[in-house]
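**Student:** quick one: sequence and predicted model below, then my questions.
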Amino acid sequence: MDINFSHKIMGKKKILYVDYDLQVGHVNFNQIHIDALMATGAEVRLVLHKYMFEHLPYPKEMYDYIIPTSLRYRDGHPLINRIIFIITLLLIRFKVKVKAYDKVIVGFCDEISLWLLPVSRNMHVFLHRAANVEDSMVKRWLCKRIARKNRFLVFNQYMGNMLRTNGINAYNVVSHGCVPAFEVSGAKTEDGYFTIFHPSAKLNENFVNNILKDERTQNYLVKRKIRLILKRTNDADIVEHSNITYLPPTIDFADYKATFIHSDAILLSYPESFRGQVSGISFECVANNKRAMIYEHQSLDYCNGFYNYHTFFNDVDGFIYLCEELRTNDDAKCVVTPETLAPDYKFLFEKE
């Protein structure tokens, strides 16, 4: 089909993008996927929280409804959150003429509320953690029922296989995609240290106990002038060492970007509970051409395709070897570009 003609067809379509939960970390995610949907040539309109409206670059005219801040997620209050989600979905159904849209993309899935009050039929729903269908019989039952009239969106085939082995075949694979490269002011301070930054507050306790607390690791950090910058989780995980610096669990985004850009390598060490997810940070690494080192985790196997070296380690020897590789070999690098990882939504129109 002629490309221009294809875009004319797509341009007649109307897509509604809804994210009815407020997660601050989803600002970049929402922008990536809204931009990708707009790139199809379709008319895209939005239903997002006020915080998202304030932090995303889209004009108010693109919004069908802005969800008030009072309907935000409350940590540690699951019952209240379910009530909030239900109220939010009721408001969306009241405020928005959903039937006017050809496609509805939902950027968040709370299985209970979305089953009780779906935004529409034939939704495409992002499932950020496919392991939910394995870990919870109730969530598996709910996801199967949601999938009868809708399709899930997952970020790679590994997540898709988790759905399929649990009896859910209604899904499409869409790349997570990359944020724009970070822009920061000021140059890195040259103090002779090789800096490794762990951007996530989620830290694998086996990495802490078996590698970080090991005397060989601690001696190596001093000998090779390697600085580790970690996020503070709880006091039990703190390792007192002159070459280990701790940041608060949540820091200003400008500080986060500066620390990220001025680090020599990015460390990912997610806990076992991260099963069936992808790391947004891993895509930030690609966007900023940053090298990564990853404590072995099956859900992050896709990252091996991003680099021309083996990114994984699972013991002290592997950690030291990988540090030496990145410290001394400038040819060890990222070999994919943000463009190759951009979300592709052509499938929304393929059957029409």
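**Tutor:** Thanks, I have it.
**Student:** surely residue 294 meets residue 306?
**Tutor:** No. Counting by Cβ atoms under 8 Å, residue 294 does not reach residue 306; the two are 10.1 Å apart. Just so you know, the C-beta spots here come from the backbone N, C-alpha and C atoms, and that holds for glycine as well.
**Student:** out of those two, which sits in the busier spot?
**Tutor:** residue 294 (24 against 19; other Cβ atoms under 10 Å).
**Student:** give me the neighbour count for residue 41.
**Tutor:** For residue 41, using other Cβ under 10 Å, the count is 17.
**Student:** no wait, residue 196
**Tutor:** Residues near residue 196, counting by other Cβ under 10 Å, number 25.
**Student:** do the one 4 residues further on as well
**Tutor:** Under the neighbour criterion other Cβ under 10 Å, residue 200 is assigned a count of 19.
**Student:** can I assume it is in contact with residue 267?
**Tutor:** No. Residue 200 is beyond contact range of residue 267, at 9.1 Å (criterion: Cβ under 8 Å).
**Student:** hmm, what's the outermost residue in this structure?
**Tutor:** Farthest-out residue of the chain from its mean C-alpha position, per Cα atoms, centre = their mean: residue 223, at 35.1 Å.
**Student:** specify the beta-bridge partners of the residue nearest to residue 126 when sequence neighbours are not counted.
**Tutor:** In this structure, residue 126 finds its nearest non-sequential neighbour in residue 153, 4.7 Å apart by Cβ to Cβ, 6 or more residues apart in numbering. Using DSSP bridges, the bridge partners assigned to residue 153 are residue 126, residue 172.
**Student:** the bottom helix or strand of this structure by mean pLDDT?
**Tutor:** Across the helices and strands of the chain, mean pLDDT, DSSP states H and E gives its lowest value to helix 3-11, namely a mean of 42.
**Student:** which strands and helices sit next to the helix or strand following that one?
**Tutor:** Later in the chain than helix 3-11, the nearest helix or strand by DSSP states H and E is strand 14-18. Strand 14-18 makes packing contacts with helix 26-38, strand 43-49, strand 103-106 when contacts are defined by 3 or more Cβ pairs under 8 Å, 6 or more residues apart in numbering; DSSP states H and E.
**Student:** mind putting those into CSV with distance to residue 118, mean neighbour count and mean pLDDT?
**Tutor:** Formatted as CSV, the helices and strands packed on strand 14-18 follow (distance: least, Cβ to Cβ, whole Å; neighbours: other Cβ atoms under 10 Å; pLDDT from 0 to 100):
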stretch, distance to residue 118, mean neighbour count, mean pLDDT
helix 26-38, 19, 20, 93
strand 43-49, 14, 22, 96
strand 103-106, 9, 23, 96
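**Student:** tabulate those (CSV), appending distance to residue 146.
**Tutor:** Converted to CSV, the helices and strands packed on strand 14-18 look like this (distance: least, Cβ to Cβ, whole Å):
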stretch, distance to residue 146
helix 26-38, 19
strand 43-49, 18
strand 103-106, 10
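**Student:** right, so of the ones you listed, which gets closest to residue 71?
**Tutor:** Each of those has some distance to residue 71 by Cβ to Cβ; the shortest is strand 43-49, at 7.5 Å.
**Student:** and the strands in the chain?
**Tutor:** Secondary structure of the chain by DSSP state E: the strands cover 14-18, 43-49, 63-67, 103-106, 123-126, 151-154, 171-173, 194-197, 226-231, 244-247, 265-268, 292-295, 312-313.
**Student:** ok, which of these comes nearest residue 350?
**Tutor:** Within the strands of the chain, the stretch nearest residue 350 is strand 171-173; the backing value is 10.1 Å (Cβ to Cβ).
**Student:** pLDDT on the closest one, on average?
**Tutor:** Averaged over strand 171-173, pLDDT sits at 96.
**Student:** buried residues, it. List them.
**Tutor:** residue 171 (16 or more other Cβ atoms under 10 Å).
**Student:** pull the residues that contact that strand.
**Tutor:** When contacts are defined by Cβ atoms under 8 Å, 6 or more residues apart in numbering, strand 171-173 is touched by residues 124, 127, 147, 151-157, 159-160, 163-164, 347.
**Student:** list just the one of the helices and strands packed on strand 14-18 that sits closest to residue 315.
**Tutor:** With Cβ to Cβ as the criterion, residue 315 lies closest to helix 26-38 of those, at 32.8 Å.
**Student:** how about the CA coordinates for that closest one, as PDB?
**Tutor:** Extracted in PDB, the C-alpha atoms of helix 26-38 (Å, rounded to 0.1, in the frame of the first residue of the first chain):
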ATOM      1  CA  HIS A  26       4.500   7.100  33.900                       C
ATOM      2  CA  VAL A  27       5.000  10.700  32.600                       C
ATOM      3  CA  ASN A  28       7.700   9.500  30.200                       C
ATOM      4  CA  PHE A  29       5.900   6.300  29.400                       C
ATOM      5  CA  ASN A  30       2.700   8.100  28.500                       C
ATOM      6  CA  GLN A  31       4.600  10.600  26.300                       C
ATOM      7  CA  ILE A  32       6.400   7.800  24.400                       C
ATOM      8  CA  HIS A  33       3.200   6.000  23.600                       C
ATOM      9  CA  ILE A  34       1.000   9.100  22.900                       C
ATOM     10  CA  ASP A  35       3.700  10.300  20.500                       C
ATOM     11  CA  ALA A  36       3.800   6.800  18.800                       C
ATOM     12  CA  LEU A  37       0.000   6.800  18.400                       C
ATOM     13  CA  MET A  38       0.100  10.300  16.900                       C
END
